[in-house]
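>>> how does the following fold in three dimensions:
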Amino acid sequence: YEVFKKTYPDSYQDILDTYEELDMLSDAPQTIVQRTQTFQKLYKRVGSIVSDLLDGAAARQGFEAALVMCGNIVNEDVSLGHVHMMPGAGSFFEKCCQASDHAIIGHMKAHVYNTTSLAAMEQAFKTDQEQAP
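Down below sits the predicted model:
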């Protein structure tokens with residue numbers, strides 16, 4: 001632990017906090033309210049990291065980013081979606097994708113839900129095939 005702190009003197013607490021939040025996301029089961037709170041906490045944390053790290057990089061090196069987040073459980077994560085745009089990437093979705101932030105979140109959710117569904121089906125069929133005589 002002391003070596004870790006010495007290796008990352010300025011960011012070790014942020015790294016540990018982020019790890020704790022990601023670990024909370026992997027804990028199951030959660031109520032919808034708990035899952036929403038965990039997502040919001042993660043979004044605030046990611047937003048803070050993005051602001052501190054990437055916005056500084058944008059100012060120094062001219063790097064830009066657009067971040068879209070959503071949950072992957074269809075019936076529970078309807079309200080979980082956020083977009084974070086760095087200043088230089090502002091209006092990217094509107095100009096290049098002809099979609100508002102809300103529409104991009106909707107597209108992201110549709111993609112994530114579909115990917116999650118396909119993975120579940122693949123796992124179910126793989127399990128069924130393994131059990132077949």
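>>> ramachandran angles for residue 70?
Note on residue 70: backbone dihedrals following degrees, to the nearest 10 are phi -160, psi 170.
>>> how far away is the residue nearest to it when sequence neighbours are not counted from residue 68?
Nearest residue to residue 70, sequence neighbours excluded (CB to CB, 6 or more residues apart in numbering): residue 81, at 4.4 Å. For glycine as for every other residue, the C-beta is placed from the backbone atoms N, C-alpha and C. Between residue 81 and residue 68 the distance is 8 Å, computed by CB to CB, to the nearest Å.
>>> what residues are shared contacts of these two?
Shared contacts of residue 81 and residue 68 (CB atoms under 8 Å, 6 or more residues apart in numbering): 105, 108.
>>> middle-most residue in the protein, spatially?
Geometric centre of the chain, nearest residue: residue 69, 4.3 Å, by CA atoms, centre = their mean.
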